[in-house]
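*Asks:* Dropping a prediction and its sequence here:
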Amino acid sequence: MGYDGPITFYVNGIRHQEKDEEIGYDQVVDLAYPDGPRGPRYDYRVTWKDGPRNEEEGILKKDTSTKLVDGMKFDVNFTDNV
């Protein structure tokens, strides 16, 4: 049983909406840094709060996803691995 309306969430304080109930690392990074550098030298730290029940806070790692809930907040920070 899915949620019928768009889910409102925030990435670095900017409001977004999504119909899917799950969101992946790459999607969140693309919303935060659409033109940001990519590749093995670059990394993004993605954390969330106000997430799904029993997972109110967490870290979203590369190649993973998380359940998306209304009002969820993501913070994405760029790091250079040089």
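*Replies:* Alright, I've got the coordinates.

*Asks:* quick one: which helix or strand includes the residue most central in space within the chain?
*Replies:* The centroid of the chain falls nearest to Val28 when counting by C-alpha atoms, centre = their mean (3.6 Å). For Val28, the host element (DSSP states H and E) is helix 25-32.

*Asks:* Can you name every helix or strand that that helix contacts?
*Replies:* If you count contacts as 3 or more C-beta pairs under 8 Å, 6 or more residues apart in numbering; DSSP states H and E, helix 25-32 packs onto strand 7-11, strand 42-49, strand 73-80. Bear in mind the C-beta positions are built from the backbone N, C-alpha and C, glycine included.

*Asks:* Report the beta-bridge partners for Gly24.
*Replies:* With DSSP bridges applied, the residues forming beta bridges to Gly24 are Ser65.

*Asks:* Read off the pLDDT value for it.
*Replies:* In this model, Gly24 is scored at 97, pLDDT.

*Asks:* Next, count neighbours for it.
*Replies:* A count of nearby residues for Gly24, using other C-beta atoms under 10 Å, gives 17.

*Asks:* quick one on the thing from earlier: comparing the helices and strands packed on helix 25-32, which comes out most buried?
*Replies:* With neighbours defined as mean count of other C-beta atoms under 10 Å, the helices and strands packed on helix 25-32 peak in mean count at strand 7-11, which reaches a mean of 19.

*Asks:* so how far is Met72 from Glu22?
*Replies:* According to C-beta to C-beta, to the nearest Å, Glu22 stands 12 Å off from Met72.

*Asks:* Need the nearest residue in space to Asn77, chain neighbours excluded.
*Replies:* Residue nearest to Asn77 in three dimensions, not counting chain neighbours: Arg45, with 4.7 Å by C-beta to C-beta, 6 or more residues apart in numbering.

*Asks:* ditto for Thr79
*Replies:* Closest residue to Thr79 in three dimensions, ignoring its sequence neighbours and counting by C-beta to C-beta, 6+ apart: Asp43, at 4.8 Å.

*Asks:* just checking, Val28 touches Phe9?
*Replies:* No - judged on C-beta atoms under 8 Å, Val28 makes no contact with Phe9 at a distance of 9.1 Å.
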